[in-house]
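*Asks:* Any chance you could fold what I've pasted below:
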Amino acid sequence: MSSAFEMQFPTDDTDEGLHTALVGHADKLITAHEAALKVKHGDHVFVGTACATPRSLVAALEALPKPAADVELLHFLIDHAAFMVHPDWQGCSLASAMQQTMKTYAMARGVRGFVAKMLSSYLHMIRLARNSSVNVSTTEGEDGTVYVTSRF
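*Replies:* Next comes the predicted model:
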């Protein structure tokens, strides 16, 4: 009997519908299911962003019956991160509470940190990010941005 994983991600051994640029490399292509099974303990997997996200691979990784331990999945979702707090609520630690809620939610799902790209003029957000975790680093970008890396 097939597992739910195998039923959701069947192997497709045909070259039908393969883009002409890939036909010469057909022997090197594998399914999302096969790629997910190749992820080993301690691997770092970078998943493309926005429209470049390989949705079938992400779904295959999520559906693994027994995922490998200590795998770092890197996926950049946030561009120019900022919390907007109405002036009447500023100074009440509302942004800190939102940041902590986001961190708690992420940690409960196995996320071990995040990277955010912020405009260097977002001083309050940069300070908030620096205070959100003991393991935070910032890197200045060349385009007036700051990359904030926070590990939980």
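*Asks:* Distance from the chain centre to whichever strand or helix holds Gln100, please.
*Replies:* If you go by DSSP states H and E, Gln100 is part of helix 94-108. Relative to its parent chain, helix 94-108 has a centroid offset of 16 Å by C-alpha atoms, centre = their mean, to the nearest Å.
*Asks:* could you point out which element follows that helix?
*Replies:* strand 113-119.
*Asks:* Can I get that next one in PDB? Just the C-alpha atoms.
*Replies:* In PDB, the C-alpha atoms belonging to strand 113-119 read as follows (Å, rounded to 0.1, in the frame of the first residue of the first chain):
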ATOM      1  CA  GLY A 113      15.400  32.500  13.100                       C
ATOM      2  CA  PHE A 114      14.700  35.000  10.400                       C
ATOM      3  CA  VAL A 115      16.400  37.500   8.100                       C
ATOM      4  CA  ALA A 116      14.700  40.800   7.300                       C
ATOM      5  CA  LYS A 117      15.700  43.500   4.900                       C
ATOM      6  CA  MET A 118      14.800  46.900   6.200                       C
ATOM      7  CA  LEU A 119      15.400  50.500   5.000                       C
END
